[in-house]
Structure formats: C-alpha cells, structure tokens
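Engineer: I would like to see how this sequence folds:
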Amino acid sequence: MLTIRPAQHSDLDALAETAARAGAPDVSLPNDPRLLGRLIAQSEDAFAADIDFPGEEQYLLVATDDGALVGAMLVVAAAGYPGADYSFRNETIIHASPELGVNHRMYALTLSHDLSGFTLLRPPLVAGDGRRVRVERALVQAALAFIATQPARFAEDLIAPLPGMVDDDGESPFWSAVGSRFFGVSYREAERLALGKDRSFMAELMPHHPIYVPLLPVGAQNVLGQTRAGYMPTYGLLIDEGFEAERYVDVFDGGPTFCVKRGLARSIRVAQKLPLAVDGSIGRSEPECLLANGEASRFRAVLAPALRRPDGRLATTADAASRLELIDDDEVCCVPA
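Structural biologist: Numbering: from 1, shown residues only. Now for the predicted structure:
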C-alpha cells in the first residue's frame, strides 16, 4: 500500500540515490547528500514545531511502497522567506498612436517579487517511470491534504514552478538570451550558484525595465512558459488540481509557475473530514481514495479503498487505518481520486 509520511534521517541514502538518478541540479531536491541531510533535519523540525503562521519551514514528504522509498515532495511554507522570491511577470503593454491609427499589444516580462510568501510546492520526485503518475498524484494530494488540515502553517496562495526547456547540452535558450547577458555565466552554473539559496541577488543583477518578448531570439520566445517533456505528467496534474500558469515564469529558464488560491485547489476543495470505520469487508472493488490523518508531526497518508457509509462514517481496511495510526471514530481526511 502506498504510504506517505514525513522524511526521516534513515531515508537519506534512498533520497540521495533518487535525486542522483534525476540529475543535478534539480528543481525537486538537491543532488547532494549533505544538503539533503540538512533538508531532512529542517523538515523534521518543521513537522515537530507548533506553527501559527508560515515562515522558514520546509516540509519534506516521502512515499513508500512495501517499505521501499518510491518518491518525495518538498513543500516550502513561504517562498523566499525571509527575503524575496523573484520571477518574471508576463504583462501586456499597449503601444498606440491615434494619429497613425496604430494600436499594438506587446508581451513584456517584468522582474517581480509578487509571489514572495506564497506556499511553494516543488515538483514530485519519483523513482522510476512505471508508477510515476500514480505516485505523483498521491504526493500532490497528500501535500494538499496536509495543507488543508494544517492551514495555519501555510499561505492563502499556492505556487508550483516547473523547470523550463533545455537543449541537449543542458543549456537553457531563455537563459542564454536573457540571464546570461547580465550574469555572464552559463545556465548550469547559474543554477548551481542559486541552489538552496535566497534568490534576492536577482534584484541586484537582473534588469528592472520590461523585457519585450518580440525582441528576444525566436528560440527563447518558443520555450517561454514551456516545461520539459519529462514534466508533462506533472503539468497535467497541476491543471487537474486547478492551478493556472499564465502570469509568471522562472527567471532562470522561463519555465511556467502555476498559481492557485488555496481554497480552490481541487484536493483541498473536495476534501472531507469524516469519522473512520474500520471494516474488514472493504476490498479492492471499492474506489481508491487518498486518506490522511490530519496530524502534524505524525502526519500519514495512504492510497486505500474506502466507502462512505449511510451513517456518514468512512469505511476502510484495517491495514489502512493502522498505517494512518487511527482507530474507529477518529477523524480522517478523505480526498476522492
């Protein structure tokens, strides 16, 4: 049974192996055991703390199946905290001359820190492709269920960036056209320098005047707001959850940044909190749901068959209840598939 829980120090080797397989640098998790170990420690502190408002906390969830780690996902309580989180805002600028009868709409990119303080969901990192969609969906739903049951820890707005397009050499056409002009380094070097750091240095080096998109090379225009082929399942999953990606792109590679109001995310909007009923008659013929216990330090979520009874209780298997560390009549959060 697929089970999702907070990361522990004992997960470090498996996480490092999964991150290494994904390549470095990566937008999901750092490909560095030292940084991963530090991230796990920060996550353990965040889950254990009593939180009244979002700040520097980072929550690292892992998915296991039959005891083996099969995926992970990082949730950052407040993007950029305590500094600013920079992105490019896609705007429409109108150039008009009534005398000449000319009226042109042009797209322009403006450096922005609008998304600072928003809760940030990193793309799920999954080991292997055979079960990727199922594990990714479960991780995203579990993260949103945790946000739904612990609202004080998170912002009212959620963002989810995806990496932009790169060529066969791992270089970004967007960075080559924009960022490299101001930083004087390659995309891979820029990502390495920024990995795990506050990106407020963007304000020091990036242009503060609008960048007119039609003046960029065609190659950079074509990749603007696009993500890599390997992240298209995640793209579709975020769309299904109600996220939209029309306004903001990453300052490094021009990848899309998805946004949604917390209450409008599907898994939060449809989540129900119901009393639990352990039922030995529940089998695989019942619909599978994401079930979560709503705890903080002992947060657990599972993908398990479940059925709402006429008495209003949610029936599931003894195995699922045990993994959730719940008993009869305890409250369970249910997110339908």
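
Engineer: Wait, residue 251 touches residue 89, no?
Structural biologist: No: with contact defined as C-beta atoms under 8 Å, residue 251 and residue 89 do not form a contacting pair (10.5 Å). All C-beta spots, glycine's among them, are computed from the backbone N, C-alpha and C.

Engineer: pull the helix or strand with minimum mean pLDDT from the protein.
Structural biologist: helix 202-205 (a mean of 69; mean pLDDT, DSSP states H and E).

Engineer: after it comes which helix or strand?
Structural biologist: Heading C-terminal from helix 202-205, the first helix or strand you meet, by DSSP states H and E, is strand 211-212.

Engineer: got a list of contacts for that next one?
Structural biologist: With contacts defined as C-beta atoms under 8 Å, 6 or more residues apart in numbering, strand 211-212 is touched by 88, 93, 106-110, 178.

Engineer: before we move on, what about stretch 232-240?
Structural biologist: Contact with stretch 232-240 is made by 123-124, 132-133, 136-137, 140, 160, 162, 227, 245, 256, 258, 266, as judged by C-beta under 8 Å, 6+ apart.

Engineer: Can you pick out the ones from the residues you listed that are in helices?
Structural biologist: Counting by DSSP state H, the members of the contacts of stretch 232-240 that fall within helices are 132-133, 136-137, 140, 266.

Engineer: shaky segments in the stretch 201-337 of the chain?
Structural biologist: Applying pLDDT under 70 to the stretch 201-337 of the chain flags the ranges 201-203.

Engineer: where do the strands sit along it?
Structural biologist: Counting by DSSP state E, counting those that start in this stretch, one finds strands in the stretch 201-337 of the chain at the ranges 211-212, 244-249, 256-261, 272-278, 288-292, 301-308, 314-316, 331-336.

Engineer: Identify, out of the ones you listed, the most deeply packed stretch.
Structural biologist: Highest mean neighbour count of the strands of the stretch 201-337 of the chain: strand 288-292, a mean of 24 (counted as mean count of other C-beta atoms under 10 Å).

Engineer: quick one: that strand to chain centroid distance?
Structural biologist: For strand 288-292, the distance between its averaged C-alpha position and the chain's averaged C-alpha position is 19 Å (C-alpha atoms, centre = their mean, to the nearest Å).

Engineer: now that strand against strand 301-308, angle please.
Structural biologist: Relative orientation of strand 288-292 versus strand 301-308 (axes from the mean of the first three to the mean of the last three C-alpha atoms, to 10 degrees): 120 degrees.

Engineer: Give me the contacts around strand 288-292.
Structural biologist: With C-beta under 8 Å, 6+ apart as the criterion, strand 288-292 contacts 138, 141-142, 145-146, 149, 267, 299-306, 314, 316, 320, 324, 332-337.

Engineer: go on, stretch 6-17?
Structural biologist: Counting by C-beta under 8 Å, 6+ apart, stretch 6-17 makes contact with 29, 31, 33, 36-37, 40-41, 43-44, 47, 59-62, 68-69, 72, 297, 299, all of which sit outside it.

Engineer: Tell me if I'm right that residue 161 and residue 27 touch.
Structural biologist: Yes: between residue 161 and residue 27 a contact is recorded at 6.8 Å, counting by C-beta under 8 Å.

Engineer: between those two, which one's more packed in?
Structural biologist: Higher neighbour count among residue 161 and residue 27: residue 161, with 26 against 23, using other C-beta atoms under 10 Å.

Engineer: returning to that earlier point: check the contact lists of residue 161 and residue 27 and give me the overlap.
Structural biologist: Shared between the contact lists of residue 161 and residue 27 (criterion: C-beta under 8 Å, 6+ apart) are residues 122-123.

Engineer: Show me what counts as buried in stretch 321-334.
Structural biologist: Buried residues in stretch 321-334, defined by neighbour count with 16 or more other C-beta atoms under 10 Å: 321, 323-324, 326, 332-334.

Engineer: What does the spatially most central residue of the chain show for phi and psi?
Structural biologist: Centre of the chain computed as the mean C-alpha position; nearest residue by C-alpha atoms, centre = their mean is residue 121, 2.4 Å away. For residue 121, the backbone dihedrals are phi -100, psi 120 (criterion: degrees, to the nearest 10).

Engineer: Perfect, that will be all.
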